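>>> compute the structure for the input listed below.
(one chain, ligands or ions: 1)
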Amino acid sequence: MKSNYLRHPLLKFRGNNGSTGTIEDLKVLFHKKLECLAIHQFNWIHQTEQFRTLKQNLTEAEAVLHIDFSENYACKMSTEVQAYHFGGSRKQATIHTAVLYTVHGTKSYTTLSDSLRHDERAVWAHLEPILKEIRATYPQIMTLHVISDGPVTQYRNKANFYLLSTVAFLSGFKHVSWNYSEKSHGKGAPDGIGGAVKRDANLYVRRGGELQTPLDLYEMLTKKSGSTITHYWVNEESIQKYDELVPEKLTAVKGTLKIHQVLSSQAAQISHREVSCFCQHAEMKTCLCYQPVKVDLRDTTDNSLSTPEPPKKQPPQDLSGKFVIVTYDELPYVGQVLQVVGEENLSEQPHTTLS
Ligand SMILES: [Zn+2]
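Modelled structure (predicted):
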């Protein structure tokens, strides 16, 4: 009898959150939730497997950088003054962590800052010293694969897509892939670095040391002997430099939340798809698996992004130090303006694309 009632499609029920509906509504909702869960589970298994295979089959020309923000560190003193106890005036340190994988082995990094910014521009300031080190140590590395989680405020947004398709080339890389791991499946390798750094800091304070500022923390960590982690300091100015780099107008990228891989081999040009694929990584090619979607991030309605016309009567804008994208032979190139001579711009390190 009871089961007959339940089979009735119009039977109303009340959910534990107070909402009401019919059994049919419930069925639809259940299937939707199940589908979400299945996609999430599929993505997690797929991404994890892709990352594992990539790391095992790296070529001489590739580097994988797995990154994450560690929770901010609140600076401490062994004999904490009252103000520290009662006024929330403890200085916070931003700790960004990275694990580098190459054919030569694994290396751990933290980049520390007193800037509390965790946005995509700050991310690139935190990546800069590591990317420079990679290029200086292993000049044969041409492809950079980044792995991160996917918060839209940090790593998964069009400004980051723009930065990855410009800054990485200025650092000397020719190909970039940015890969998003699926959320809520435990912490990855970078989390261990953040934990180790905080343990060192707490031990130092317990033994009578004082860490009043983020810079104190950085200096303590760099002086510590026997550490296998490399530390870099990131100041506010180096973050602001990236603010100037991102144009005000960028093409909107549809379905950003679903994106799990962004690829670029050309300035401001990206391909994205819902899962990562590295099946042609050794040949440095973007495969066509999982329907990659191409996007030109330069908003064509914004003239400042195409080759700037020489200003007619206004005084010329000072472009020195600025990053520009110029179109030459119908291909976009990225460069940094060294000096403005009359109407000609000399740009440094023009990125030549591989077609
Ligand atoms: Zn593929």
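>>> contacts, neighbours, all on C-alpha from now
OK.
>>> worst-scoring helix or strand of this structure, pLDDT-wise?
Ranking every helix and strand in the chain by mean pLDDT, DSSP states H and E puts strand 344-348 at the bottom, with a mean of 46.
>>> quick one: residues contacting the residue lying closest to Gly194 once chain neighbours are set aside.
Here the nearest residue to Gly194 in space, its sequence neighbours aside, is Ser70; by C-alpha to C-alpha, 6 or more residues apart in numbering that works out to 5.4 Å. Shown in contact with Ser70 (C-alpha atoms under 8 Å, 6 or more residues apart in numbering): 94-97, 191, 194.
>>> shaky segments in the stretch 201-350 of the chain?
Regions of the stretch 201-350 of the chain meeting the criterion pLDDT under 70 cover residues 300-322, 328-329, 338-350.
>>> get me the contact residues on it for the ion.
By C-alpha under 5 Å from the ion, the part of the stretch 201-350 of the chain that sits against the ion consists of 277, 279, 287, 289.
>>> which ones among those are found in helices?
Nothing among these maps onto helices, per DSSP state H.
>>> mind giving me TSV with those residues and columns for neighbour count?
Below are those laid out as TSV (neighbours: other C-alpha atoms under 10 Å):
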residue	neighbour count
Cys277	23
Cys279	16
Cys287	14
Cys289	12
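>>> farthest-apart pair in those, please.
Cys279 and Cys289 (8.6 Å; C-alpha to C-alpha).
>>> list the strands paired with the strand ranked longest in the chain, with their directions.
In the chain, assigned by DSSP state E, the strand with the most residues is strand 62-74. When pairs are called by DSSP bridges, strand 62-74 turns out to pair with strand 92-102 (antiparallel), strand 143-148 (parallel).
>>> now the longest one, how far from the chain's geometric center?
Taking C-alpha atoms, centre = their mean, to the nearest Å, one finds the center of strand 92-102 at 11 Å from the center of the full chain.
>>> what mean pLDDT does whichever helix or strand comes after it have?
Next along the chain after strand 92-102, taking DSSP states H and E as the criterion, comes strand 105-113. Throughout strand 105-113, pLDDT has a mean value of 97.
>>> contacts for strand 105-113?
In contact with strand 105-113 (C-alpha under 8 Å, 6+ apart) are residues 93-101, 126-127, 130, 190, 193-194, 214-215, 218, 228-236.
>>> residue of the stretch 1-150 of the chain nearest the ion, please.
Residue of the stretch 1-150 of the chain nearest the ion, by C-alpha to the ion: Gln50 (10.1 Å).
>>> quick one: contacts for that residue?
Applying C-alpha under 8 Å, 6+ apart, the residues near Gln50 are 276-278.
>>> name the SS class of it, please.
helix (DSSP: H, G, I helix; E, B strand; the rest coil).
>>> that one and Trp178: what is the separation?
Distance of Gln50 to Trp178, computed by C-alpha to C-alpha, to the nearest Å: 13 Å.
>>> now swap in Ile45 and tell me
From Ile45 to Trp178 the distance is 18 Å (C-alpha to C-alpha).
>>> which one's more surrounded, the two?
Neighbour tally, Ile45 and Trp178, criterion other C-alpha atoms under 10 Å: the higher count belongs to Trp178, 25 against 13.
>>> who's that one bridged to?
Under DSSP bridges, the beta-bridge partners of Trp178 are Val146, Val262.
>>> how many neighbours does Glu330 have?
Glu330 sits with 7 neighbouring residues when counted by other C-alpha under 10 Å.
>>> same check, this time on Leu26
Neighbours of Leu26 using other C-alpha under 10 Å come to 16.
>>> part of a strand, is it?
No - using three-state DSSP, the assignment for Leu26 is helix, not a strand.
>>> with only the CA atoms kept, save stretch 27-35 in PDB.
What follows is stretch 27-35 as a C-alpha-only set of coordinates in PDB (Å, rounded to 0.1, in the frame of the first residue of the first chain):
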ATOM      1  CA  LYS A  27      13.800  11.800  -9.200                       C
ATOM      2  CA  VAL A  28      15.000  14.700 -11.500                       C
ATOM      3  CA  LEU A  29      16.900  16.200  -8.600                       C
ATOM      4  CA  PHE A  30      18.500  12.900  -7.600                       C
ATOM      5  CA  HIS A  31      19.600  12.200 -11.200                       C
ATOM      6  CA  LYS A  32      21.100  15.700 -11.500                       C
ATOM      7  CA  LYS A  33      23.000  15.300  -8.200                       C
ATOM      8  CA  LEU A  34      24.200  11.900  -9.300                       C
ATOM      9  CA  GLU A  35      25.400  13.200 -12.600                       C
END
